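Colleague: Can you look at this prediction? I've put the sequence above it.
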Amino acid sequence: MRGIITYVVTYENGRWVSRCPSGEVEGVGVASSLSQLERDLSEIHAWAWPENTPAVEFTFDLPEEVAGVVAAYHRQKELAETHARRAAELAVEAAKTLTSHWSEPDTARLMGLSKQRVHQLKVSV
């Protein structure tokens, strides 16, 4: 077996508990931390499927007030990453455009960057 096995994880009685709703792994996993739970499940996968060990993936079943905060964080993080990628693309475009008109030092001043960074942007592919 290769691929990913997804576990639904909850926090119960001071412990993280995993269940495999698809049935590839029976029973529940219990650990005091998520990293320990992931290590334990990875070891079970390696033992059960030594040739094609599937990865571990978690889906969290959290209380509504916590789940909302986590979901909002993930949405904002994704937006920030999208904006950062676009800003990086625009930095290259701006550096190449501006240096076709002015020197790298003047372009650096206009962009609020170092001369070295403008040069890196200008020569990037």
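Modeller: Yes, it's here.
Colleague: Next, the buried residues of the helix or strand containing residue 88.
Modeller: Assigned by DSSP states H and E, residue 88 belongs to helix 64-99. For helix 64-99, a neighbour-count test (16 or more other C-beta atoms under 10 Å) marks 91, 94, 95, 98, 99 as buried. Any C-beta I mention is one placed from the backbone N, CA and C, and that applies to glycine too.
Colleague: Stretch 20-39 now?
Modeller: Buried-residue list, stretch 20-39, by 16+ other C-beta under 10 Å: 20, 25, 29, 31, 37, 38.
Colleague: Of the residues you listed, which belong to strands?
Modeller: Within those, residues falling in strands by DSSP state E are 29, 31.
Colleague: sorry, back to before: how far away from the center of its chain is the helix holding residue 88?
Modeller: Chain-centre distance of helix 64-99: 13 Å, with C-alpha atoms, centre = their mean, to the nearest Å.
Colleague: Name the surrounding residues that touch whichever helix or strand comes after it.
Modeller: Using DSSP H and E, the helix or strand that follows helix 64-99 towards the C-terminus is helix 104-111. For helix 104-111, the external contacting residues (C-beta atoms under 8 Å, 6 or more residues apart in numbering) are 91, 94, 95, 98, 99, 102, 114, 115, 117, 118, 119, 122.
Colleague: Many thanks, I have nothing further to ask.
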